[in-house]
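Undergrad: Pasting a predicted model and its sequence here:
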Amino acid sequence: MSEMRRGTDLGENQTAANFVADANNSNIKQALIIVDIQNDFCPGGSLAVTGGDGIVELTNSLAEQFSAVGDLVLATQDWHPADHGSFASQHKGVTVGEMGELSGLPQVFWPDHCIAETQGAEFHPNLKAELIDVVFRKGTDRRIDSYSGFYDNDHASSTGLAEFLRTEGVTDVVVVGLATDYCVLATALDALTEGFAVTVISDACRAVNISPDDGRQALKRLEEAGVQIVDSSRFGSDRIVS
Ligand code: VGL
Ligand code: ZN
């Protein structure tokens, strides 16, 4: 597998154009995973991430690049029942942002958000949804939270994303979206565990930052785990980097 993935390393002297060419001329098959770019995570939403809408244009241009060369564009969608156990509103005396436990796991209690079939759960209106090949919904079981696009937080139930990627012959995934410190983090870590080569495009993500450094810490954790963290200026078919 490591042989197959060598071309994913964007070396010092390699151009981003080469990177894309390599990806298209070898056994590497890439998929873009757009994590939770939904109204509730954008300004005006119930769990608004600062600047959450600021990644939409960059995400669209990445999706266009992937789509143009026949690579898959996938998205995850946080999709909760109205009585989801991660909502502070479901627990007596619990306030938003407080830590507690859900299904025996540590849990941050959130404002009600991304309730299935509501406007808050819809993708940001400027996200080019027509470029998305398949959407994977998560967080549908009220008893447990699901930050990762692959598994619930207890890893007991799968969304089918890993199986789908393998069926499609995908070797490398590129992750962008909201939020860096929760769903991007969990999705990228699970992707690694599932054996994919993983890149996170840092400027195409935004963090909740309950603590001001959470986003930065998440990227550090990802890098230490083996995820390639890159800026979009070093990732793209139409840019030359030195
Ligand atoms: C998310 C908190 C709760 C996320 C989802 O998409 O990062 N964060 N639900
Ligand atoms: Zn959620």
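TA: It's in. Ligands and ions are numbered 1, 2, ... in the order given.

Undergrad: Contact partners for the closest residue to ligand 2 within the chain?
TA: Proximity of the chain to ligand 2 (C-beta to the ion) peaks at residue 78, 4.2 Å away. (Each C-beta comes from the backbone N, C-alpha and C, glycine too.) Counting by C-beta atoms under 8 Å, 6 or more residues apart in numbering, residue 78 makes contact with 36, 38, 40, 41, 113, 114, 121, 137, 138, 139, 146, 183.

Undergrad: Next one, pLDDT for the nearest residue to residue 108 once chain neighbours are set aside please.
TA: The shortest distance from residue 108 to any non-neighbouring residue, by C-beta to C-beta, 6 or more residues apart in numbering, is to residue 99 (6.0 Å). Looking at residue 99, its pLDDT stands at 97.

Undergrad: so what's residue 99 up against?
TA: Going by C-beta under 8 Å, 6+ apart, residue 99 touches 106, 107, 108, 109.

Undergrad: can we see that at 10 Å?
TA: By C-beta atoms under 10 Å, 6 or more residues apart in numbering, the contact set of residue 99 is 106, 107, 108, 109, 210.

Undergrad: so how many other residues sit close to the nearest residue to the last one once chain neighbours are set aside?
TA: Across the structure, with C-beta to C-beta, 6+ apart as the measure, the residue nearest residue 210 apart from its sequence neighbours is residue 97 (6.2 Å). Per other C-beta atoms under 10 Å, the neighbour tally for residue 97 reads 12.

Undergrad: got it, and residue 131?
TA: Residues near residue 131, counting by other C-beta under 10 Å: 18.

Undergrad: Extract the C-alpha set from stretch 95-115 and format it as CSV.
TA: Extracted C-alpha coordinates of stretch 95-115, given in CSV (Å, rounded to 0.1, in the frame of the first residue of the first chain):
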residue,chain,number,x,y,z
THR,A,95,-26.2,23.8,29.8
VAL,A,96,-24.7,24.2,26.3
GLY,A,97,-20.9,23.6,26.2
GLU,A,98,-20.9,21.5,29.3
MET,A,99,-19.1,18.2,29.4
GLY,A,100,-20.9,15.0,30.4
GLU,A,101,-21.5,11.5,29.3
LEU,A,102,-23.6,9.9,26.6
SER,A,103,-23.8,6.1,26.1
GLY,A,104,-20.8,5.9,28.5
LEU,A,105,-18.6,8.2,26.4
PRO,A,106,-17.4,11.7,27.2
GLN,A,107,-19.8,14.2,25.5
VAL,A,108,-20.0,17.9,24.9
PHE,A,109,-23.6,19.0,25.1
TRP,A,110,-24.6,21.1,22.2
PRO,A,111,-27.4,23.4,21.3
ASP,A,112,-30.1,21.8,19.2
HIS,A,113,-28.6,21.6,15.7
CYS,A,114,-28.9,19.9,12.3
ILE,A,115,-32.3,18.4,13.0
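
Undergrad: Give me the buried positions along the longest strand along the chain.
TA: If you go by DSSP state E, the chain has its longest strand at strand 197-206. Applying a neighbour-count criterion of 16 or more other C-beta atoms under 10 Å, one finds 197, 198, 199, 200, 201, 202, 204, 205, 206 buried in strand 197-206.

Undergrad: Tell me the residues of this protein that contact ligand 2?
TA: 78, 139 (C-beta under 5 Å from the ion).

Undergrad: Would you mind naming what in the chain lies close to ligand 1?
TA: 36, 41, 78, 110, 147, 178, 179, 182, 183 (C-beta under 6 Å from any ligand atom).
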